[in-house]
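In: how would this look folded up:
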Amino acid sequence: MSEAEESDQRRLARNVNELMQELRVAQASVQILFGFLLSIAFTEKYVTVGSYIRITHLVTVLCAAVAVAFLTAPAAWHRMLFRQGRREDVVSQGNTFALVGLAFLALAMTGTVLLLAEVVLGGWPALVVGGLAFAIFTGLWFVLPFASSQRAQDGEEP
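Out: Numbering: from 1, shown residues only. Now for the predicted structure:
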């Protein structure tokens, strides 16, 4: 193996490790959220809620489940492919899975905030709170990093 190949392999190994570390944070968050969301359906109060709350809850649970699937997929890919020397595939696909997982986590968090706001505030104020939650997650997790990336590509200071 040449020095350049070895350096490339070290970079890939570092990228895999960084990806897995980043995902540990998101995985723990979404798994706790998922468990919390599941428990809501088994409360006495849940029997009396309307279809809007039930549908919002179901969509939120599904978003959390999809987030779990995507945020844990890179670990499964790593486990299945690492001995085959396919770290580049793990990093590339893992990055895509992480971004999709974060998008669904943002939706699940927004749905959770919306459900809570609906119980506490109800009506249009709950929708405003849910919209603000969506804007914050989308802005911090996607819009600002994308804008920073675009500025860097254009040669501007980040």
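
In: Now do the contacts for the residue most central in space within the chain.
Out: Among the residues of the chain, the one closest to the centroid is residue 102, at 2.0 Å (C-alpha atoms, centre = their mean). Residues in contact with residue 102 (C-beta atoms under 8 Å, 6 or more residues apart in numbering) are 26, 67, 71, 141, 142. Where you see a C-beta, it was placed from the backbone N, CA and C, and this is true even at glycine.

In: so can I have a markdown table of those showing secondary structure, distance to residue 15 and pLDDT?
Out: Listed next are the contacts of residue 102 as a markdown table, based on DSSP: H, G, I helix; E, B strand; the rest coil; distance: C-beta to C-beta, whole Å; pLDDT from 0 to 100:
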| residue | secondary structure | distance to residue 15 | pLDDT |
| --- | --- | --- | --- |
| 26 | helix | 17 | 81 |
| 67 | helix | 22 | 95 |
| 71 | helix | 17 | 92 |
| 141 | helix | 20 | 93 |
| 142 | helix | 21 | 95 |
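
In: could you flag which of those residues are buried?
Out: Buried residues within the contacts of residue 102, counting neighbours by 16 or more other C-beta atoms under 10 Å: 26, 67, 71, 141.

In: got the residues you listed as TSV, with distance to residue 96 columns?
Out: Putting the buried ones among the contacts of residue 102 into TSV (distance: C-beta to C-beta, whole Å) gives the following:
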residue	distance to residue 96
26	14
67	14
71	12
141	15
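
In: Considering these, which is situated nearest to residue 84?
Out: residue 71 (22.7 Å; C-beta to C-beta).

In: Give me the neighbour count for the nearest residue to the closest one once chain neighbours are set aside.
Out: Among residues not flanking residue 71 along the chain, residue 101 sits closest, at 3.7 Å (C-beta to C-beta, 6 or more residues apart in numbering). By other C-beta atoms under 10 Å, the residues close to residue 101 number 24.

In: which residues does residue 101 contact?
Out: Residues touching residue 101, when contacts are defined by C-beta under 8 Å, 6+ apart, comprise 23, 26, 30, 66, 67, 68, 69, 70, 71, 73.

In: Would you mind checking those for buried ones?
Out: When neighbours are counted using 16+ other C-beta under 10 Å, the contacts of residue 101 contain these buried positions: 23, 26, 30, 66, 67, 68, 70, 71, 73.

In: Please name the residues that touch the fourth one.
Out: Residues in contact with residue 66 (C-beta under 8 Å, 6+ apart) are 101, 104.
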